[in-house]
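**Q** any chance you can model this:
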Amino acid sequence: MIRILRQIIRTGIITEPLTPSPEDEITRTGRALEEVIRRRFRRSLTIRQVDAGSCNGCELEIHAINNSYYNCERFGIHFTASPRFADMLLVTGPVTHNMEIALKRTYDATPPPKLVVAVGDCGFNGGIFGESYASLGGIDKVIPVDVIVRGCPPTPMALLNGILAAVDGNKV
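**A** Numbers count the residues shown, from 1 in each chain. Take a look at the predicted model:
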């Protein structure tokens, strides 16, 4: 035990320098998002997240925008379990054959104006799964897509910027 303590004292503190906090960028994007949401919807934006067959990497990043660090609720973004109350569909993964009908029904149940954001490389073109015996490929093969957020998985800031682009009417 004493030998370990001596080694710790000899080595000293070895850490990496802290990176600058992206809090300013989060707040800037969030305020722009909040302004556009209030202008277009006159209330908060309600999102229904749909997993169409992903590896859950994108879902982890979607959960991150709802944690205490990014806190998307402060900007007026809420998640719902029902597509009937949703303003936007946030779809992840390549569309598997088993999820094709469910995704179409979810899209049909969402009231207009319907916004669809394809999340990740898999949502764009099938990613590493591509088109195969189990996968149809990208989300645009099943339902119309307004915005694509690329990345594997995309960062929470990229997700917030993609949501902002969809709400603001910028087709990507």
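**Q** could you say what helices and strands the top helix by length along the chain packs with?
**A** In the chain, taking DSSP state H as the definition, the longest helix is helix 23-41. If you count contacts as 3 or more CB pairs under 8 Å, 6 or more residues apart in numbering; DSSP states H and E, helix 23-41 packs onto helix 156-168. The C-beta positions use only the backbone N, C-alpha and C, and glycine is treated the same way.
**Q** summarise which helices and strands the helix it packs on is packed against.
**A** Secondary-structure packing of helix 156-168 (3+ CB pairs under 8 Å, 6+ apart): helix 23-41, strand 45-51, helix 57-64, strand 88-92, strand 115-119, strand 147-149.
**Q** can you pull the buried residues of that helix?
**A** For helix 156-168, a neighbour-count test (16 or more other CB atoms under 10 Å) marks 156-167 as buried.
**Q** now swap in stretch 49-63 and tell me
**A** 49-55, 57-59, 61-62.
**Q** for these, work out which two are farthest apart.
**A** For these, the maximum inter-member distance is 16.7 Å, found between 53 and 61 (CB to CB).
**Q** please save the CA atoms from stretch 156-171 in CSV.
**A** This file holds the C-alpha atoms of stretch 156-171, laid out as CSV (Å, rounded to 0.1, in the frame of the first residue of the first chain):
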residue,chain,number,x,y,z
PRO,A,156,-26.5,16.3,-29.7
MET,A,157,-25.6,19.7,-31.2
ALA,A,158,-26.0,18.3,-34.7
LEU,A,159,-29.4,17.0,-33.7
LEU,A,160,-30.5,20.4,-32.3
ASN,A,161,-29.3,22.1,-35.5
GLY,A,162,-31.2,19.5,-37.6
ILE,A,163,-34.4,20.1,-35.6
LEU,A,164,-33.9,23.9,-36.0
ALA,A,165,-33.4,23.4,-39.8
ALA,A,166,-36.6,21.3,-40.0
VAL,A,167,-38.7,23.8,-38.0
ASP,A,168,-37.3,26.7,-39.8
GLY,A,169,-38.2,25.2,-43.2
ASN,A,170,-34.7,24.6,-44.4
LYS,A,171,-34.7,21.4,-46.5
